[in-house]
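Trainee: got a predicted structure here, sequence first:
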Amino acid sequence: MSAAVARRYFVRGREKLRRGELDNACQEFGAAVELHPGFVEARVGYALTLVRTDPPRAAQALRVGLSRATRHGERGPLLCALGDVLLIGGDFPGAEAAYTEAARLPNAPKRLPDRLARLRAKTGKFAEALSEMLIAARVK
């Protein structure tokens, strides 16, 4: 029952996000996570809408999700989102660690080179950023 209700909150959150209602989308995603803590997509949506106002809380929400991730395929999206949140918050070593762990997964997320390129560029490693961008172009 709570999973179905959580899904409805999640769908409303996505709709509000499309309309640019970030605060309302964050609330909807948060409600979905409260109802169903293992709902990875909702947790990622919650963190990525929360990061603009509270990066530490967004990162913590993802870390909690990682501690709960037991099914195949759950860790990749959470680790990528954690890397994104930490990158936005300025924790470059933390972002590096999250992306590195995601890269080691059997089904590593396909958009990981894009994220690594952004990280390398933000840390002044422009040659590595260019290399990651070329990899990303081949992956697409």
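Mentor: Done, it's in.
Trainee: okay, CA-based contacts and neighbour counts for the rest of this
Mentor: Noted.
Trainee: can you give me the helices in this structure?
Mentor: 2-18, 22-35, 40-50, 55-68, 75-89, 92-103, 112-122, 126-139 (DSSP state H).
Trainee: hey, least reliable of those helices by pLDDT?
Mentor: Mean pLDDT is lowest for helix 126-139 among the helices of the chain, at a mean of 92.
Trainee: which non-adjacent residue is nearest the residue most central in space within the chain?
Mentor: Taking CA atoms, centre = their mean, the centroid of the chain lies closest to residue 81, which sits 1.6 Å from it. Counting by CA to CA, 6 or more residues apart in numbering, residue 44 is the residue found nearest to residue 81 once chain neighbours are left out, at 6.3 Å.
Trainee: which residues are in contact with that neighbour?
Mentor: Contact analysis of residue 44 by CA atoms under 8 Å, 6 or more residues apart in numbering lists 62, 77, 78, 81.
Trainee: list the contacts of residue 86.
Mentor: Counting by CA under 8 Å, 6+ apart, the residues that residue 86 touches are 55, 59, 92, 94, 95.
Trainee: ok, residue 31 to residue 61 distance?
Mentor: Going from residue 31 to residue 61 by CA to CA, to the nearest Å gives 13 Å.
Trainee: need the overlap of contacts for those two.
Mentor: With CA under 8 Å, 6+ apart, residue 31 and residue 61 have no common neighbours.
Trainee: related to what we said a few turns ago, now for the contacts of residue 44: which two are most distant?
Mentor: 62 and 77 (9.7 Å; CA to CA).
Trainee: of the two, who's got more company?
Mentor: The neighbour comparison of residue 62 against residue 77 (other CA atoms under 10 Å) goes to residue 62, with 26 against 19.
Trainee: nice, that's everything, thank you.
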